[in-house]
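Quick check, what structure comes out for this input:
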Amino acid sequence: MKIIWHGHASFRIEIEDQVLLIDPWLEGNPMLPEDQWAAATEGATHVLVTHGHFDHANSAVGICGDKGIPCVGIFDLMGFWEKKHGLEVIGFNKGGTVKLGKVAVTMVNATHSSSEQTADGPRYLGNESGYMISGEGHTIYVSGDTDIMADMEWMGDIHKPDIGILCAGGHFTMDMARASYAAKRYFDFKTVIPCHYRTFPLLEQSAEVMKGELKGVEVIEPEVMLAIEI
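Sure thing, here's the model as predicted:
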């Protein structure tokens, strides 16, 4: 399995027979140079979107349209994009599981917001979510944008993820301390990869707090386009 960070909350996960792009963000992403976009998206089989904010969703439609691959996400947003853009979509909802080849993806709760800006103000695009992605003997919890939730207790108990990709930049989501608290209290991760940080000065720039809090857990600070092999 390879987990490749594209900056911010954008990841490429090569798992089983799939290449999944999670919240791909190309245009406007200050961490991913344009000359890396082709390599970042090469061979993608699906795009997974956690919610509708620009830094998670703005590139999804273009990638799916150009490559002719399905977009996967919450029913409301997928239905809207299917009608508006003619995309092939897989729309489902929290608690549902879809099979993407040999990979199982379950949508789980998050607590955030989900919208896009229009001339008439925000247009809401369904609810925010996270994913449990299972394959190759591992389960990856992709938190999406969220704060700590009591729901994490049953999510950890039912799904037992061993890898956590956790938002941890603060201001818009959990910060490093809160994400570490959630990891310790609700999960039994072997590996944690922080994200949604370092992108802008407003966000946390280091995972040193998380490394100090999560003793016995491999906390990997990702580097853009450098594969983490598990």
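
Quickly note the distance from the nearest residue to Met225 once chain neighbours are set aside to Leu202.
Leaving aside its sequence neighbours, Met225 sits nearest to Gln36 (Cβ to Cβ, 6 or more residues apart in numbering; 5.8 Å). Bear in mind the C-beta positions are built from the backbone N, C-alpha and C, glycine included. To Leu202, Gln36 is 24 Å away according to Cβ to Cβ, to the nearest Å.

and these two? which has more neighbours close in?
Shown here are Gln36 and Leu202; by other Cβ atoms under 10 Å, Gln36 has more neighbours (16 against 9).

what's the distance between that one and Val49?
For Gln36, the distance to Val49 - Cβ to Cβ - is 20 Å.

Helices of the protein, start to end?
Assigned by DSSP state H, the chain shows helices spanning 37-41, 54-57, 60-67, 75-85, 151-159, 176-186, 208-213.

my read: Gly73 touches Thr50, true?
Yes. Using Cβ atoms under 8 Å, Gly73 is in contact with Thr50, at 7.4 Å.

which neighbours do these two share?
Listed as contacting both Gly73 and Thr50 by Cβ atoms under 8 Å, 6 or more residues apart in numbering are Ser129.

of these two, who's got more company?
Gly73 (30 against 26).

circling back: the helices of the chain: which one's closest to Val98?
helix 75-85 (11.2 Å; Cβ to Cβ).

That closest one vs helix 60-67, what angle?
50 degrees (axes from the mean of the first three to the mean of the last three Cα atoms, to 10 degrees).

pLDDT on helix 75-85, on average?
The average pLDDT for helix 75-85 rounds to 96.

What of stretch 89-101?
Average pLDDT, stretch 89-101: 98.
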